[in-house]
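Asker: need coordinates for the following:
(one chain, ligands or ions: 3)
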Amino acid sequence: MSDTILVTGGAGFLGSHLCDRLIEHGRDVLCVDNLFTGSKDNIQHLLGCGRFEFMRHDVTFPLYVEVKQIYNLACPASPVHYQHDPVQTTKTSVHGAINMLGLAKRLRARILQASTSEVYGDPSVHPQTEDYWGHVNPIGIRSCYDEGKRCAETLFFDYYRQHRLQIKVLRIFNTYGPRMHPNDGRVVSNFIVQALHGEEITVFGDGQQSRSFCYVDDLVQAMILMMDCGAEITGPINVGNPVEFTMLELAETVLLKVGGRSRIRFMPLPSDDPRQRQPDITKARSLLGWAPTVSLEDGLEPTIAYFRKLLAA
Ligand code: NAD
Ligand code: UDP
Ligand code: UDP
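Answerer: Ligands and ions are numbered 1, 2, ... in the order given. Predicted coordinates:
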């Protein structure tokens with residue numbers, strides 16, 4: 001059987017870093033992506049490597065390849081992008097999961113789902129533990145993403161129970177780093193790009209809503225640990241950095257790091273925007289021996305350097 005590792009969404013932000021790390025580990029990687037939000041620029045440096053292959057493909061269509069493990073990351077992740085074509089977002093999560101689970105079933109391959117803290121919606125339990133069922137609006141503007149990801153989790157656990165597949169479900173909390181899309185509207189990239197341009201920093205609402213930000217290298221480490229740990233560990237497991245910041249604190253930190261003269265501009269809060277979010281990572285610590293190592297201050301350095309270079313090009 002092929003030893004190749006399939007990464008769907010491999011030309012995106014997280015996926016491209018995962019491909020990098022797998023190639024560094026000496027693995028063969030098949031990167032599948034329809035380039036909706038991802039870019040060949042993110043994997044350009046890997047294209048010459050004999051152990052790396054790129055295939056342009058939409059996971060809502062069946063995929064017949066021979067692989068040993070599947071990391072399923074394909075799905076737009078920022079509110080601006082997933083709300084652009086919400087029907088396609090749900091299709092990507094749900095049909096994409098069915099196809100990748102069907103592939104895993106045929107090959108008896110292990111499969112990891114990049115799920116999300118969004119399955120908790122606007123949480124009433126804080127910090128969020130994996131046994132909390134969430135507080136999700138099923139018909140709002142975020143629902144295509146939240147409910148799509150929830151349904152994908154359901155499919156993973158039904159394939160596990162019904163077909164005894166080896167599944168791994170990670171609930172990823174806000175992650176940032178180089179190769180985030182400069183226009184995807186996510187808060188870290190928005191604030192950095194605005195500060196670098198000397199434009200106003202757009203804080204939505206009163207800026208008191210909170211998020212916990214994980215640096216991409218830590219996150220990729222957790223994904224590989226999860227994939228390679230014992231089959232009995234199915235998850236769901238939360239992964240993220242539990243240090244919590246308000247958006248106003250984030251704006252101030254970014255301004256301090258970038259310098260310049262940007263001012264803060266308050267804008268309306270989008271609907272269903274969660275008030276607070278912080279992972280309880282007890283399970284990740286005990287089952288994976290994982291904890292984040294990079295502080296927001298440290299992780300912002302290479303992220304800002306990346307955007308500085310990108311905007312100068
Ligand atoms: P991203 O948008 O950079 O990456 C997603 C990738 O999937 C892109 O390369 C895109 O082109 C591709 N894609 C989208 N639809 C596809 C389809 N139908 N077929 C094939 N490819 C498709 O986002 P990201 O931040 O790298 O997120 C990767 C995964 O991690 C997503 O599943 C996302 O839900 C999950 N996640 C990310 C975060 C985060 O903070 N970055 C948090 C929670 C969960
Ligand atoms: N599938 C795929 N690649 C494979 C095997 C299956 O893309 O190697 C897709 C196919 O579209 C199928 C879906 O996965 O409909 C679910 O497969 P499963 O075997 O669970 O169910 P089926 O629909 O074939 O009964
Ligand atoms: N946000 C903000 N200004 C921006 C972009 C986002 O204040 O320019 C806020 C947004 O309202 C949310 C938080 O930052 O409360 C995180 O938003 P993001 O889209 O990055 O992630 P998510 O809401 O999916 O966690």
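
Asker: count of residues packed around the residue in the stretch 51-200 of the chain that ligand 2 sits nearest to?
Answerer: Residue nearest to ligand 2 within the stretch 51-200 of the chain: Gly102 (1.9 Å; CB to the nearest ligand atom). C-beta: built from backbone N, CA, C; applies to glycine. Neighbourhood size, Gly102 [other CB atoms under 10 Å]: 15.

Asker: a helix runs through it, doesn't it?
Answerer: Yes: remark: Gly102 belongs to a helix, assigned using DSSP: H, G, I helix; E, B strand; the rest coil.

Asker: so it makes contact with Pro62?
Answerer: Yes: between Gly102 and Pro62 a contact is recorded at 7.2 Å, counting by CB atoms under 8 Å.

Asker: just to revisit the earlier point, what pLDDT does the residue of the stretch 51-200 of the chain closest to ligand 2 get?
Answerer: For Gly102, the model assigns a pLDDT of 98.

Asker: what's near enough to touch it?
Answerer: Pro62 (CB atoms under 8 Å, 6 or more residues apart in numbering).

Asker: same check, this time on the one 3 residues further on
Answerer: Lys105 makes contacts with 159, 163, 165, as judged by CB under 8 Å, 6+ apart.

Asker: which parts of the stretch 101-250 of the chain sit against ligand 1?
Answerer: By CB under 6 Å from any ligand atom, the residues of the stretch 101-250 of the chain that approach ligand 1 are 114, 116, 172, 174-175, 181.

Asker: pipe the residues you listed into CSV and attach secondary structure, pLDDT and neighbour count per row.
Answerer: Listed next are these as CSV, based on DSSP: H, G, I helix; E, B strand; the rest coil; pLDDT from 0 to 100; neighbours: other CB atoms under 10 Å:
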residue, secondary structure, pLDDT, neighbour count
Ala114, strand, 98, 27
Thr116, strand, 98, 22
Ile172, strand, 98, 24
Asn174, coil, 96, 21
Thr175, strand, 98, 27
His181, coil, 94, 19
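
Asker: ok, of those residues, which one's closest to ligand 3?
Answerer: Asn174 (5.1 Å).

Asker: check contacts around that closest one.
Answerer: Per CB under 8 Å, 6+ apart, neighbours of Asn174: 117, 186-188, 211-214, 240, 277.

Asker: name the residue of the stretch 1-150 of the chain that lies nearest to ligand 3.
Answerer: For the stretch 1-150 of the chain, CB to the nearest ligand atom, closest residue to ligand 3: Pro79, 4.8 Å.

Asker: give the residue farthest from the middle of this protein.
Answerer: Arg261 (31.3 Å; CA atoms, centre = their mean).

Asker: distance of that one from Val254?
Answerer: Distance of Arg261 to Val254, computed by CB to CB, to the nearest Å: 14 Å.

Asker: how about Gln209?
Answerer: Taking CB to CB, one finds Gln209 at 16 Å from Val254.

Asker: so for these two, which sits in the more crowded spot?
Answerer: When neighbours are counted by other CB under 10 Å, Gln209 and Val254 differ, and Val254 comes out ahead with 24 against 19.

Asker: how about the nearest residue to that one, chain neighbours excluded?
Answerer: Distances taken as CB to CB, 6 or more residues apart in numbering put Phe191 closest to Val254, at 4.4 Å, once the chain neighbours are dropped.

Asker: kindly tell me how buried the residue of the stretch 1-150 of the chain closest to ligand 3 is, as a neighbour count.
Answerer: 19.

Asker: spit out the contact partners of the residue lying closest to it once chain neighbours are set aside.
Answerer: Nearest non-adjacent residue to Pro79, counting by CB to CB, 6+ apart: Gly185, 6.2 Å away. Neighbour list for Gly185: 78-81 [criterion: CB under 8 Å, 6+ apart].

Asker: quick check: residues of the stretch 1-150 of the chain near ligand 2?
Answerer: So the stretch 1-150 of the chain meets ligand 2 at 62-64, 98-99, 102-103, 105-106 (CB under 6 Å from any ligand atom).

Asker: out of those residues, who's the most crowded?
Answerer: In those, the most neighbours by other CB under 10 Å go to Leu103, 22 neighbours.

Asker: all strands for this structure, in order.
Answerer: For the chain, the strands defined by DSSP state E occupy 5-8, 29-33, 52-56, 69-72, 110-116, 167-172, 175-176, 201-204, 210-212, 214-215, 237-239, 244-246, 264-267.
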